[in-house]
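Engineer: fold the following and give me the result.
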Amino acid sequence: MGMPITVSRSIVGTVQLRRVGRWQFPVEELVGPDGALARLGRDGPVRIFLGPGRRVQLSDGTEWRIKATTRGRHIVPIILADDGKVAVSSPLYARHSYGLNGKDYGLALVPTGRVGIRRPSDWLLRSHGTRVASIEGAERRLTAYEPLAISAALLAFTLITHGIPGEANLVPAQD
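Structural biologist: From the prediction side, this is the model:
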């Protein structure tokens, strides 16, 4: 088995998701002031929601995988380690609003502006009304005002990029 899941891996301050490669691992890195916190493999909705998932390697060598699972009537992103779930997501009360849950946190990810392909929105991560972090969608930059788990940041970037397939219309209304 892999290393035990530790939830003390956290971000305070500003990190950015940067492209560093094209085809071979790593393709992107989550970079902070002290260097790379995580290296990520290829991304894409088919890879995450139907395929093997997106490989994640933390700076300490721990391996995770961003994949999908079903939760109720939705297909949602999840982060898995060899020994279990690290973080899960779920849709919230409105379209493009998501819940993020880890072993020691529960957060809401909500847009602060209009969400669209040509116009990326800015986002907030909140915990019980307290602003924990803000995300600049176009810059792919996250600023954590309080300690934020790396898993929450990675899940937030995944949801901002891909959302939840058919999130509001997965089950058609009955007449």
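Engineer: contacts only, for the spatially most central residue of the chain.
Structural biologist: For the chain, residue 155 is the residue whose C-alpha lies nearest the centre (Cα atoms, centre = their mean; 1.2 Å). Neighbour list for residue 155: 66, 77, 79, 87, 89, 100 [criterion: Cβ atoms under 8 Å, 6 or more residues apart in numbering]. Backbone N, C-alpha and C define where each C-beta goes, glycine included.
Engineer: strands of this structure, start to end?
Structural biologist: With DSSP state E as the criterion, the chain has strands at 10-19, 28-32, 35-40, 54-58, 63-71, 74-81, 84-91, 98-102, 105-111, 122-127, 130-136, 141-149.
Engineer: just the C-alphas of the longest one, formatted as PDB.
Structural biologist: Meaning strand 10-19. Output in PDB follows, covering the C-alpha atoms of strand 10-19 (Å, rounded to 0.1, in the frame of the first residue of the first chain):
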ATOM      1  CA  SER A  10      -2.000  22.800   3.200                       C
ATOM      2  CA  ILE A  11      -1.500  26.000   1.300                       C
ATOM      3  CA  VAL A  12      -1.400  29.500   2.700                       C
ATOM      4  CA  GLY A  13      -0.800  32.400   0.300                       C
ATOM      5  CA  THR A  14      -0.800  32.300  -3.500                       C
ATOM      6  CA  VAL A  15      -0.300  29.200  -5.800                       C
ATOM      7  CA  GLN A  16      -0.700  28.900  -9.500                       C
ATOM      8  CA  LEU A  17      -1.500  26.000 -11.800                       C
ATOM      9  CA  ARG A  18       1.100  26.200 -14.600                       C
ATOM     10  CA  ARG A  19       1.700  24.200 -17.800                       C
END
